[in-house]
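Visitor: please find the sequence and the predicted model below.
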Amino acid sequence: MFDSAFHDYKKRPGTREMTAMLAGLMALNAFAIDAMIPALPDIGQTLNVARENDRQLVVVAYFIGFASTQLVWGPLADRFGRKPILAAGIVLYGLFALLCAFAASFPLLIAGRVAMGASAAVTRVLVVAMVRDLFEAEAMAKVMSLVFMVFMLVPVLAPNIGQAILLVASWRAIFLVLAGYALTMLVWSSLRLPETLHPEYRRSLKWSEMASAIGQAVREPQSRGYTLAITVTFAALVAYISSVQQIIFDVFQTPNLIGLVFAAIAAPMALASWLNSRIVERFGLRRVGHSAALALAIVTITHALVALAGLETLSSFIVLQALASSNLSTLAMEHMAPIAGTASSVQGVTGTLGAAILGFLIGRSFDGTATPFAVGTAICTTLGFLLIVLTEPKRMFAPMQADPEEMEAARESTAIPDDLG
């Protein structure tokens with residue numbers, strides 16, 4: 001019995017491997033989105049897409065699917081555990097990637113993209129829930145920042161990988177690579193990922209209990225306020241992803257630089273996430289998160305003013321976009337430990353669907369200049385900061401303290417060694 005328990009412990013990953021694994025799971029989404037950006041013109045030509053702006057649906061459809069199933073994955077994970085539900089979502093993601101690879105029409109491709117997003121939503125829901133299962137307060141924010149740091153490195157690589165694939169194969173091969181990546185993450189997580197759901201938090205699938213958990217996530221002021229702030233802030237990112245190919249190709253006439261532009265913008269964002277992981281335990285999650293949200297609003301307003309003045313250049317676009325970084329999801333989950341899966345689902349579906357709609361509207365307003373994008377993102381980020389102020393007016397820039405009892409319970413039930421350093 002002792003040998004079995006010791007062997008089981010040795011199989012469990014440390015914090016570094018767990019962080020890398022969670023980031024790899026989250027990156028399934030980033031690769032599925034960003035690797036497609038260089039391929040949008042080829043997709044439009046192959047599948048006879050007449051309107052250039054309609055190509056944005058390849059990106060937006062994924063976000064719509066991503067939002068559509070999060071309220072399914074969360075309750076299932078709260079009932080059956082994180083591992084089996086995660087595996088089911090990854091398998092479906094890979095299968096729908098294959099469907100997209102062989103799609104013979106644009107409507108079928110869009111349907112496949114919706115299904116891919118719906119499947120990949122499991123990673124967003126469960127990565128946030130698993131971090132909430134295992135860590136508390138500033139430690140939770142630190143791990144989440146490290147996950148997002150690795151996640152943000154993907155946009156540095158994905159467009160370049162997509163472009164490299166296009167040099168030797170058609171856009172369909174990108175989906176084959178995505179299916180292979182899904183298989184890799186399925187094997188890794190199946191072999192190394194422990195079950196993180198605390199037994200006392202396991203819930204039934206009775207509608208009354210699910211409705212109660214959903215209602216709790218919606219009614220709790222901090223969860224509701226930060227979810228709305230995340231929604232409008234995330235809309236700026238959706239608008240960027242939807243519009244950047246046209247901005248780089250049509251506004252700045254530099255299609256050959258799209259991979260470098262992505263890298264130049266994403267790398268500072270990854271650095272910001274790393275810095276956040278280093279300072280959050282010193283200054284407090286609220287102080288760091290609120291300051292980042294305020295800085296984001298200031299940067300995007302500056303970007304809008306530059307664009308409106310007709311002074312936008314490729315260099316200014318890269319610099320101002322690279323400075324845009326904010327992460328509020330940890331604060332939204334602070335009081336959601338007993339219903340982490342369902343709460344993550346509610347927050348995710350609200351944030352993703354709302355952001356997809358707002359971001360698509362900003363993207364559709366593209367008029368041959370970067371001005372609609374810059375103004376739209378400035379409005380979103382400013383509104384996001386105002387929502388934070390309305391949510392916690394008396395706790396702006398304040399440190400967050402964890403509940404000692406919750407921290408002790410998490411340490412006793414977690415499978416992850418306490419080696420955050």
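Guide: Alright, I've got the coordinates.
Visitor: who's in contact with residue 124?
Guide: Residue 124 makes contact with 26, 29, 66, 70, 344, 348, 352, according to Cβ atoms under 8 Å, 6 or more residues apart in numbering. C-beta coordinates here come from the backbone N, C-alpha and C atoms, glycine included.
Visitor: apply 6 Å and report the result again.
Guide: Neighbouring residues of residue 124 by Cβ atoms under 6 Å, 6 or more residues apart in numbering: residue 348.
Visitor: host element of it?
Guide: helix 106-134 (DSSP states H and E).
Visitor: what do you get for residue 104?
Guide: Using DSSP H and E, residue 104 falls within no helix or strand.
Visitor: could you check how far it is from residue 14?
Guide: Residue 104 sits 46 Å away from residue 14, going by Cβ to Cβ, to the nearest Å.
Visitor: so where do the helices sit in the stretch 301-421 of the chain?
Guide: For the stretch 301-421 of the chain, the helices defined by DSSP state H, counting those that start in this stretch cover 314-322, 329-332, 340-364, 371-391, 404-413.
Visitor: tell me which of those lies nearest to residue 176.
Guide: Counting by Cβ to Cβ, residue 176 lies closest to helix 340-364 out of those; the figure is 25.7 Å.
Visitor: now do the closest one against helix 106-134, angle only.
Guide: Orientation check (axes from the mean of the first three to the mean of the last three Cα atoms, to 10 degrees): helix 340-364 against helix 106-134 gives 140 degrees.
Visitor: and helix 340-364, what other elements does it pack with?
Guide: In this structure, helix 340-364 makes packing contacts with helix 57-68, helix 70-80, helix 106-134, helix 207-219, helix 221-246, judged by 3 or more Cβ pairs under 6 Å, 6 or more residues apart in numbering; DSSP states H and E.
Visitor: any idea of the angle the helix holding residue 124 forms with helix 57-68?
Guide: Using the same axes, to 10 degrees: helix 106-134 against helix 57-68 is 40 degrees.
Visitor: list the buried residues for helix 106-134?
Guide: 106, 109-134 (16 or more other Cβ atoms under 10 Å).
Visitor: what of stretch 197-211?
Guide: Across stretch 197-211, burial judged by 16+ other Cβ under 10 Å covers 197-198, 203, 209-210.
Visitor: farthest pair in these?
Guide: The most widely separated members of the buried residues of stretch 197-211, counting by Cβ to Cβ, are 198 and 210 (18.2 Å).
Visitor: burial count for the residue nearest to residue 227 when sequence neighbours are not counted?
Guide: Leaving aside its chain neighbours, residue 227 sits nearest to residue 347 (4.5 Å; criterion: Cβ to Cβ, 6 or more residues apart in numbering). Residue 347 has 29 neighbours, counted by other Cβ atoms under 10 Å.
Visitor: pLDDT for the buried residues of stretch 197-211 - can I get that in CSV?
Guide: CSV is the format used below for the buried residues of stretch 197-211 (pLDDT from 0 to 100):
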residue, pLDDT
197, 81
198, 75
203, 71
209, 74
210, 72
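Visitor: which of these lies closest to residue 254?
Guide: residue 197 (47.9 Å).
Visitor: quick one: the closest one from residue 38, how far?
Guide: 39 Å.
Visitor: equivalent analysis for residue 380, please.
Guide: For residue 380 relative to residue 38 (Cβ to Cβ), the value is 26 Å.
Visitor: then residue 173?
Guide: Counting by Cβ to Cβ, the separation of residue 173 from residue 38 is 12 Å.
Visitor: which of those two has more neighbours?
Guide: Shown here are residue 173 and residue 38; by other Cβ under 10 Å, residue 38 has more neighbours (27 against 15).
Visitor: report the mean confidence score over stretch 379-392.
Guide: Across stretch 379-392, pLDDT averages out at 92.
Visitor: what's the closest of the helices and strands packed on helix 340-364 to residue 46?
Guide: Between residue 46 and the helices and strands packed on helix 340-364, the tightest spacing by Cβ to Cβ is seen for helix 106-134, at 9.0 Å.
Visitor: touching stretch 29-46 from outside, list them.
Guide: Under Cβ under 6 Å, 6+ apart, the answer for stretch 29-46 is 55, 58, 120, 154-155, 158-159, 161-163, 171, 174, 178, 241, 245, 258.
Visitor: same question, stretch 386-398
Guide: 225, 228-229, 286-287, 290, 293.
Visitor: do that again at 7 Å, thanks
Guide: With Cβ atoms under 7 Å, 6 or more residues apart in numbering as the contact definition, stretch 386-398 has outside contacts at 221-222, 225-226, 228-229, 232, 284, 286-287, 290-291, 293.
Visitor: now do stretch 114-121
Guide: Contact with stretch 114-121 is made by 28-29, 32, 61-66, 68-70, 73, 89, 92-93, 96-97, 100, 348, as judged by Cβ under 7 Å, 6+ apart.
Visitor: chain center to that stretch, what's the gap?
Guide: Computed by Cα atoms, centre = their mean, to the nearest Å, the chain-centroid distance of stretch 114-121 equals 13 Å.
Visitor: next one: stretch 373-383
Guide: On the basis of Cα atoms, centre = their mean, stretch 373-383 sits 19 Å off its chain's mean C-alpha point.
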